[in-house]
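**Student:** Coordinates for the following, if possible.
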Amino acid sequence: ADLQVGRVLDAVEARATQTPLLTVVASDHGEAFFPDGRRHGVSMSEAELRVPLLIKGPGVTPGRTDALVWLADVAPTLFAATGAPIPQGLDGRNLAPLLTGGTWPEPRVVMADTWRFDAAGDPELDAIAALDGHAKLVWRRLPHVFGFEPRGAADGPSGPRLRDALRDYVEGSGGAIDLE
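**Tutor:** Model (predicted):
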């Protein structure tokens, strides 16, 4: 896979000499490896949530950041980079502050979700997580349970912020949630 990405990036570089290009390479989910096999895209483990996001182009300062981002940030970033207005209601943020070597002006919470349906179309897996870089609140809609990671995080500074973010996210998409 790395070799193929390299080939694509080489082709992009060849064109970038004629037209300024912003290149974005991302993955939709990570992989989790276990003694009995591997999983991908079916849990809220760090191995599956932390994915590569590479951005290169005019105005982008080379480097690496530990800032909390999510793939929903890609759309507003591309709108801004092309000069197009960023539509209201998008979940993500423009990554420009990070791409120029800066930081986020305030802490943030990002969301992750995963689902899977069986052959009959019935849900087998449905989970949503709110993360702030210190803790994670995972709500498994099947069978309607939730829990914080690491244990005890519910009573820490992240607890209320993650509960509010998860509730807002679910209710904002027309769902209902009881985290009590």
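**Student:** so which strand or helix has A11?
**Tutor:** helix 2-16 (DSSP states H and E).
**Student:** Quick check: buried residues in that helix?
**Tutor:** Neighbour-count burial for helix 2-16 flags A16 (criterion: 16 or more other CB atoms under 10 Å). No exception for glycine: its C-beta is placed from N, CA and C like everyone else's.
**Student:** who does it touch, helix- and strand-wise?
**Tutor:** Packing partners of helix 2-16 (3 or more CB pairs under 8 Å, 6 or more residues apart in numbering; DSSP states H and E): strand 23-26.
**Student:** Run through who's touching the strand it packs on.
**Tutor:** If you take CB atoms under 8 Å, 6 or more residues apart in numbering as the criterion, strand 23-26 is touched by 5, 9, 12, 16, 51-57, 71, 74, 77-78.
**Student:** can you rerun that using 10 Å?
**Tutor:** Defining contact as CB atoms under 10 Å, 6 or more residues apart in numbering, one finds that strand 23-26 is touched by 5, 8-9, 12-13, 16, 51-57, 60, 71, 73-74, 77-78, 81, 95.
**Student:** now stretch 94-103
**Tutor:** Applying CB under 10 Å, 6+ apart, the external contacts of stretch 94-103 come out as 22, 24, 53, 55-57, 59-63, 65-67, 69, 73-81, 86, 104-105.
**Student:** How far does it sit from its chain's centre?
**Tutor:** 16 Å (CA atoms, centre = their mean, to the nearest Å).
**Student:** State the mean pLDDT of it.
**Tutor:** For stretch 94-103, mean pLDDT is 94.
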